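> sequence first, then the predicted structure, then my questions.
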Amino acid sequence: MMETTVRKREQWRRKREYVLATAGNVVGLGNVWRFPYLCYKNGGGVFLLPYCFFAVLCGVPLFLLETVVGQYTQEGAITCWTKLCPLAMGTGYSILMIHAYSTVYCIILAWALFYLIQSFRDPLPWATCNSTWNTDTCVALWPANVTAVNCLNQTANATCRDLSQSSAIQFWERGVLSVSAGIEEVGSVKWELLLCLLACWVACYFCIWKGVRSTGKVVYFTAVFPYVMLAILLVRGLTLPGAWQGVVYYLYPDVSRLADPQVWMEACAQVFFSYALGTGTLITLGSYNKIKNNCYKDSLWLCALNSCTSFVAGFAVFSVLGFMSNREGVSIDMVVESGPGLAFIAFPQAVAMMPLPQLWAVCFFVMLILLGLDTQFAGLETIISSLIDLFPGQMRRPWRREIFLFIFCLVCFMMQITLTTEGGVYQFQLLDYYGASGASLFFVSLIQCTAIGWGLGADRMCDAVEEMTGQRPWLLFKLCWCYFTPLICTVCCICSFLDNEPLTYSGGYMFPDWAYHLGRAIALSSMVTVPIWTAVKLFMGEGTLRQRLEAHWYPVPELRKKPPVVSKSEMDPLSTSRSDTKDSV
């Protein structure tokens, strides 16, 4: 007989599944290609001071706050606020907008998959100038003669730079992307990238199509294997000649950089991006925990793991860059890159200089794919679970989740076909820069802190943590939720909007004015849902404005006195597992 009842909300079968899923979510591409570069750029080892400062005052408190909100309410990123602070539900819709823009990161997985396939060729296609996409100005890897090196140092002479373009750059820009002249020129679709993009979306779908039942199994591989690859690359990198020269560049302290406000802004933004704050993924993953899980201890350990991974990844990256700098006799300034430039130009170029280059290329791109895949399907799970919790009667019936997820992934894939065109990289950079911007994350985190610290009340939040874990949070967390973190988020959000640095693409391409206006609109679109929701709740309710404000600002009456009573089935893992098994039959 066909099942017609509404299914109960799932929970992680084992605690380690939650830990691995959360670790895979927060440890992503930014740990490998953004943190090391920021550390090198902003004073070396000195950069760790502002990074740790914001990690303590923003990173860990917000990480704990979002995890507790999810576990405490057992709801997704939207409905979790219905009992805690209904006026803050607009942040849930902001989170959906942020993740809708963040789905474009699937194209990074497609690029990495394309490189992984090419890594099995001998020689590596980016190591030579014998391919159809190469021009007469191509030089295999780096120039091998003094004249070419001197030419590279003459940065004011554009013609001279063009005459010494490496084969790795030409493979990336001409072989993989076929970059057009600008964002207005879309060009034709690159069918190889289109197939890779399709494969990545299929992988994302099957990673989460059964909810935490499938995700809990997948993370054993996707969260653990990147650490194996990182350890292999670290050991290999540190044993290369010139490796320690790169490490010195990575950590050499420049105390004068601490006087630059931009250094502090970039440190704060890195903490928010790296810890996945303001994205709702921590709320979602935490909501599948058992109510008595010790999320307090989990949060502290996961934050420490994330920061340590970023720090160690810097040694793996800069040891390889130091090797490349030493071999070709050029300054490390000429080989260091951030973002896609590191992943798809600098590192592949360095790998091609090593013995057994195919082996190290495969290790590197497998690591990139798995790091990005974890983050991608955590974002998808946040969107899907939030909508399912919003409409449980309709969405928790058999096959509704699978069908809805299939349609959503299909629509995303269709919309991202333009990213595989010759002008796709410009579109990606625009959405990457503005879609999940620092301003959006700062704003969402500010509202969440204000809602918990002053709406629900920091004392009630501490009571909830103690009720679930048996441990009361340190006083520092209470102070951060009420004062320090909201203040920092406000300042950083304002500074992000005042930053008028023009968006450019590698090579000096300047985006047209309409692209800047579109980007600002994209950034604002993920923030306006909060004031819109607030206005609707306040002006469409009953009673005076003050009564409506009190009704929606403070938690529901039963939570104003004490945390919710935990049922026996929630406290007994065996009872929970029995009920889950019964429902799944």
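That came through, no problem.

> residues contacting A439?
Going by CB atoms under 8 Å, 6 or more residues apart in numbering, A439 touches 493, 496-497, 523, 527. Yep, even glycine has a C-beta here, placed from its N, CA and C like the rest.

> go again using 7 Å as the cut-off
Each residue near A439 by CB atoms under 7 Å, 6 or more residues apart in numbering is listed here: 493, 496-497, 523.

> are any of these buried, and which?
Buried members of the contacts of A439, scored by 16 or more other CB atoms under 10 Å, are 493, 496, 523.

> for the second one, give me the backbone phi and psi.
Backbone torsions for S496, taken as degrees, to the nearest 10, come to phi -60, psi -40.

> repeat that for the last one.
In this entry, A523 is assigned phi and psi values of phi -60, psi -40 (degrees, to the nearest 10).

> quick revisit: point out the least confident member of the buried ones among the contacts of A439, please.
Minimum pLDDT across the buried ones among the contacts of A439 is recorded for S496, with 86.

> about what we covered before: out of the buried ones among the contacts of A439, who's nearest L390?
Comparing the buried ones among the contacts of A439 against L390 with CB to CB picks out A523 as the nearest, at 24.6 Å.

> next, count neighbours for T382.
29 (other CB atoms under 10 Å).

> how about the one 10 residues further on?
For P392, the number of neighbouring residues by other CB under 10 Å comes to 15.

> may I have the phi/psi pair for it?
phi -70, psi -40.

> how close does it get to S385?
As judged by CB to CB, to the nearest Å, P392 and S385 stand 11 Å apart.

> export the buried ones among the contacts of A439 to JSON lines and append columns for distance to C462.
Listed next are the buried ones among the contacts of A439 as JSON lines, based on distance: CB to CB, whole Å:
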{"residue": "C493", "distance to C462": "26"}
{"residue": "S496", "distance to C462": "30"}
{"residue": "A523", "distance to C462": "34"}
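
> from the residues you listed, pick the one nearest G211.
Distances from G211 to the buried ones among the contacts of A439, taken by CB to CB, are shortest for A523, at 31.4 Å.

> wait, that closest one touches S437, no?
Yes: using CB atoms under 7 Å, A523 makes contact with S437 at a distance of 4.8 Å.

> got a list of what C58 touches?
268, 271, 485, 488.

> count of residues packed around the third one?
Residues lying near T485 (other CB under 10 Å) number 27.

> out of the contacts of C58, grab the one that's most surrounded.
V271 (29 neighbours).

> that residue belongs to a strand?
No: according to DSSP: H, G, I helix; E, B strand; the rest coil, V271 belongs to no strand; its state is helix.

> for it, give me the pLDDT.
Value for V271, per-residue pLDDT: 95.

> that one: what's it in contact with?
51, 54-55, 58-59.

> which of these fall in helices?
51, 54 (DSSP state H).

> which element, helix or strand, includes the nearest residue to L549 once chain neighbours are set aside?
Leaving aside its sequence neighbours, L549 sits nearest to L538 (CB to CB, 6 or more residues apart in numbering; 6.5 Å). L538 belongs to helix 529-539 when elements are defined using DSSP states H and E.

> what bits of the stretch 51-200 of the chain have low per-residue confidence?
Counting by pLDDT under 70, the ranges of the stretch 51-200 of the chain that qualify are 141-164.

> now L370: how far from C308?
Here L370 is placed at a distance of 18 Å from C308 (CB to CB).

> more neighbours: those two, which one.
L370 (22 against 12).

> my guess is the more buried one contacts V228. True?
No: using CB under 7 Å, L370 is not in contact with V228; the gap is 9.9 Å.

> what about the strands in the stretch 1-150 of the chain?
For the stretch 1-150 of the chain, the strands defined by DSSP state E, counting those that start in this stretch cover 138-139.

> against L240, how distant is K83?
56 Å.

> these two - which one has more neighbours?
Remark: of K83 and L240, L240 carries more neighbours, 19 against 16, as counted by other CB under 10 Å.

> so where is the chain shaky, pLDDT-wise?
Short version for the chain, where the test is pLDDT under 70: 1-6, 141-164, 500, 507, 558-585.

> strands of that one, start to end?
138-139, 165-166, 504-505, 509-510 (DSSP state E).

> could I get the ones you listed in JSON lines, plus columns for mean neighbour count and distance to L476?
Output for the strands of the chain, formatted as JSON lines (neighbours: other CB atoms under 10 Å; distance: least, CB to CB, whole Å):
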{"stretch": "strand 138-139", "mean neighbour count": "20", "distance to L476": "54"}
{"stretch": "strand 165-166", "mean neighbour count": "20", "distance to L476": "49"}
{"stretch": "strand 504-505", "mean neighbour count": "13", "distance to L476": "40"}
{"stretch": "strand 509-510", "mean neighbour count": "13", "distance to L476": "45"}
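
> so for Y37, which of those strands sits nearest?
Nearest to Y37, of these and by CB to CB, is strand 504-505 at 16.5 Å.

> direction included, what does the closest one pair against?
Using DSSP bridges, strand 504-505 pairs in its sheet with strand 509-510 (antiparallel).

> could you list the residues in contact with the partner strand?
With CB under 7 Å, 6+ apart as the criterion, strand 509-510 contacts 182, 502, 504.

> turn the contacts of A439 into TSV, including distance to T215.
Shown next, in TSV, are the contacts of A439 (distance: CB to CB, whole Å):
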residue	distance to T215
C493	32
S496	32
F497	36
A523	30
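
> quick check, nearest of these to E550?
Top of the list for closeness to E550, among the contacts of A439 and by CB to CB, is C493 at 26.9 Å.

> got a list of what that closest one touches?
439, 442-443, 446.

> narrow those residues to those that are buried.
For the contacts of C493, buried by 16+ other CB under 10 Å: 439, 442-443, 446.

> on that earlier part again, same list (the contacts of C58) but as a markdown table, adding distance to H517.
Formatted as a markdown table, the contacts of C58 follow (distance: CB to CB, whole Å):
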| residue | distance to H517 |
| --- | --- |
| C268 | 26 |
| V271 | 29 |
| T485 | 31 |
| I488 | 29 |
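
> closest to G92 among those residues?
Nearest to G92 among these, with distances taken as CB to CB, is T485, at 19.3 Å.

> and that closest one, how far from P50?
15 Å.

> repeat that for I488.
Distance of I488 to P50, given as CB to CB: 11 Å.

> what of P253?
Using CB to CB, P253 is found at 13 Å from P50.

> can you check V56 too?
In terms of CB to CB, V56 sits 11 Å off from P50.
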